[in-house]
Every structure is written in structure tokens, then in C-alpha cells.
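Student: Structure for this input, please:
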Amino acid sequence: MGKIEYHAVIKFLTKVGKNAKEIHDRLVAVYNDTASSYATVTRWHKEFRHGRESLEDDSRVGRTFEATSEDTVDRVEAMIMENRRVKVEEISLEIRISHGSVCTIINHHLGMSKVSARWVPRNLSLHDRLQGQTSSEELLTLYNAYPAGFKSRVMTGDETWVHHWDPETKLESMAWKQKGSPTPLKFWTQPLAGKIMATIFWDAGGVLLVDVLPRGSTITGKYYAGVLGRLRDSIRQKRRGKLTRGVLLLLHDNAPVHKAHHAQAALRDCGFEQFNHPSYSPDLAPNDYFLFRQLKSSLRGRRFDDNDEVKEAVMMWLEEQLESFWLAGIQSPSRQVVQMYSIKGNYIEK
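Tutor: Numbering: from 1, shown residues only. Model prediction:
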């Protein structure tokens, strides 16, 4: 069946009040793969609704139209800048170029890609960004002054919830399938209510301390002060002589319990120095962007019957990590800091 005949069918069905989707569905039902594309049906349906009578394609005067011409690229860019969520199909219909040409312009000419939004703690104010930039500059200066010393001085720690069961993400549950076989289903689920609060401290050599909050308890400044005391004892046992070779620098965020009076007093008593961590800056916390992300990814999809099983799984995963893993985590702040400083304290794109 020729294009003119398809155009005639589209014109007739438009005249009797059918919309573009209904027309396209009818064409596919009769002509299968040879039917006009939905974009073509939509374009001709629009033309006929506005009074067009001719079934012939408009003649082109002069040189052949180039889908990726400079003018077309500019029009595509203008549509995207006006609406960052515009769809390829919408651009194709508006500018009258193929889906493939739109993708070529977006990916190769404009160097753009479509990404999902990243969840962040809050929309940073100017003060927040300036604070983030200042802190990242301080940490970068500290690292550049003596990289080897930074590695030996720095330790980091934070708290996180670990659930009895946390469902896999859609990406993590992807699996290969044969052509024609059904796609696996993924049911909507929520993490189980059972969970433990684990506080993990580590340095370039590995784990220093894992504290699990007792059931029914709450982390307070006083409780955290006790954890810091146990951390100092653990360092004495696991890193002999480290406490006497210089002041240790603790990277932890500025959560209320970390800033509490008891916690600050414990830091001084232990002889620890703390980095001035800016508010709402997970990109400067190695636990957030490095350790916890990988730990939870490894446990996601596994079910645990009680808190002891969760704790055992956490401890086993931590013990399995090589020293190179921990070294990479401690060195990673230098890369994060460079990025954060270059974007003036804003969130780092993932």
C-alpha cells in the first residue's frame, strides 16, 4: 500500500472524528508492520484537522533538507532548554524529523543525555554552598600538604539503619532472558520494620569499631561520647602506637548528637581533632557516598529473621573487604573535595 493510500485512510478517519491514536491502531490492526508510524499519523491527522485537502507530500524547493543542519540543531536545543523533560517523540513531531535524527542531535551534536533527578537532603542556600566550598578547600589544603600523613591521620565514622529486609532496586534485579520469554515481575514492596542502628568507624587499614545500638535505646550525645571512648580503646588495640604519633582527624558529619556537649567533651578527652563538616554535605562523608552505599547494596534482597542475623551479615561483609578497599575509601575525599570545590560547594552529580 502506497503513502497516498495511507494518507487517504488517515484523512477519511479524521473526517469522521477519530483521533490519531485510534487511526494508528486501526492501521496497525490491518497492515501490521507496514502501517504508517504513529508520528506520521499524528502529523497528517493534525494537517487534515486544520483543513488540508491534498494527499501529496509538500514539494521541497532547493537543496535536500538535512535533518541535522545547524538550524535544526538550534531548534532542538531551544525546545530542550524551554522544557528539560520534553520527549524525543514531541521534538520529532514539532520539528518534523525522525526519532533517530532527534537522538543523533541530542547525543552527538548537543552532548546531552537524559538522567533522573538525584535525591538530596535539601535545596542548598548560598550560605550552605559557601560553607561547603570553604570546608572542601580546607580539607583539600590539608590533604595536599602531606598526602601520606593525611592517610595515616584520618578516620571516619557514622550511624546507619540496616533493615531485616530491604528490597532490591529495579536496576539490581535485572536478569537476562531469552527472546520471547516473559519478563520477570517485580512486586511493589517496602523494607521490613525490623532494623538495627550500626555505628561504624574505620580508617585506611580497615574497621576500627562497630557499635550496635541496644534495642529500645536512642543515640544521644552522652551515648555517642561512650562510643568515642570505646573507639579510642579499639585504636590502642588495633593500631598500636597510632595515638602517640600525632592527633587523629575524625571525619564525621555535624549531626546533633555529634555536636552535643558530651560528645564534644569526649572528643577532647580522646585527643581527636574533628573536621569542620558543612551542613547537608553527604558528598564529603565517606560513609555516605562510599561505605554505606556498598554495604547496603550487598545486603539488599536478603531476609534476616532477627537483629543478630543482621549484625552477623554486616560484620561478615566488613571482614571480607580487602585493605585496598579501605585505602580507596580514605583517599576518596580528595577526589570528592576537588569536585565539590570546582562546583562551588554544590551537590556532586552522580
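Student: confidence score at R52?
Tutor: Listed pLDDT for R52 reads 87.
Student: the domain parsing of this protein - what is it?
Tutor: Following automatic domain parsing, the chain resolves into domains at 3-57+65-109, 126-176+188-342.
Student: Switch those domains over to CSV; also include mean neighbour count.
Tutor: From N, CA and C alone the C-beta is placed, and that goes for glycine too. What follows is the domains of the chain, written out as CSV (neighbours: other CB atoms under 10 Å):
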stretch, mean neighbour count
domain 3-57+65-109, 15
domain 126-176+188-342, 16
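Student: Select from those domains the stretch with the lowest mean pLDDT.
Tutor: The weakest mean pLDDT among the domains of the chain belongs to domain 126-176+188-342, with a mean of 81.
Student: Figure out how far that one is from the centre of its chain.
Tutor: Here domain 126-176+188-342 shows a centroid-to-chain-centroid distance of 19 Å under the convention CA atoms, centre = their mean, to the nearest Å.
Student: do stretch 82-89 as well
Tutor: 21 Å.
Student: Repeat that for stretch 12-20.
Tutor: Distance, centroid of stretch 12-20 to centroid of chain: 45 Å (CA atoms, centre = their mean).
Student: residue ranges of the strands in the stretch 101-250 of the chain, please?
Tutor: Assigned by DSSP state E, counting those that start in this stretch, the strands in the stretch 101-250 of the chain fall at 154-163, 195-203, 206-212, 248-251.
Student: packing partners for the next helix or strand after the last one?
Tutor: If you walk from strand 248-251 toward the C-terminus, the next helix or strand you reach (DSSP states H and E) is helix 256-259. Taking 3 or more CB pairs under 8 Å, 6 or more residues apart in numbering; DSSP states H and E as the contact definition, the neighbouring helices and strands of helix 256-259 are helix 221-238.
Student: quick one: the helix it packs on to strand 195-203, angle?
Tutor: Relative orientation of helix 221-238 versus strand 195-203 (axes from the mean of the first three to the mean of the last three CA atoms, to 10 degrees): 50 degrees.
Student: any idea of the angle helix 221-238 forms with strand 154-163?
Tutor: 120 degrees.
Student: isn't F48 right next to I10, touching?
Tutor: Yes: counting by CB atoms under 8 Å, F48 touches I10, with 6.7 Å between them.
Student: still on that earlier bit, mind putting the strands of the stretch 101-250 of the chain into JSON lines with distance to G17?
Tutor: Formatted as JSON lines, the strands of the stretch 101-250 of the chain follow (distance: least, CB to CB, whole Å):
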{"stretch": "strand 154-163", "distance to G17": "54"}
{"stretch": "strand 195-203", "distance to G17": "57"}
{"stretch": "strand 206-212", "distance to G17": "68"}
{"stretch": "strand 248-251", "distance to G17": "67"}
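Student: dump the residue contacts of the residue nearest to V88 when sequence neighbours are not counted.
Tutor: Leaving out its chain neighbours, the residue that sits closest to V88 by CB to CB, 6 or more residues apart in numbering is V102, at 5.0 Å. Shown in contact with V102 (CB atoms under 8 Å, 6 or more residues apart in numbering): 76, 88, 91-92, 95.
Student: Lovely, talk soon.
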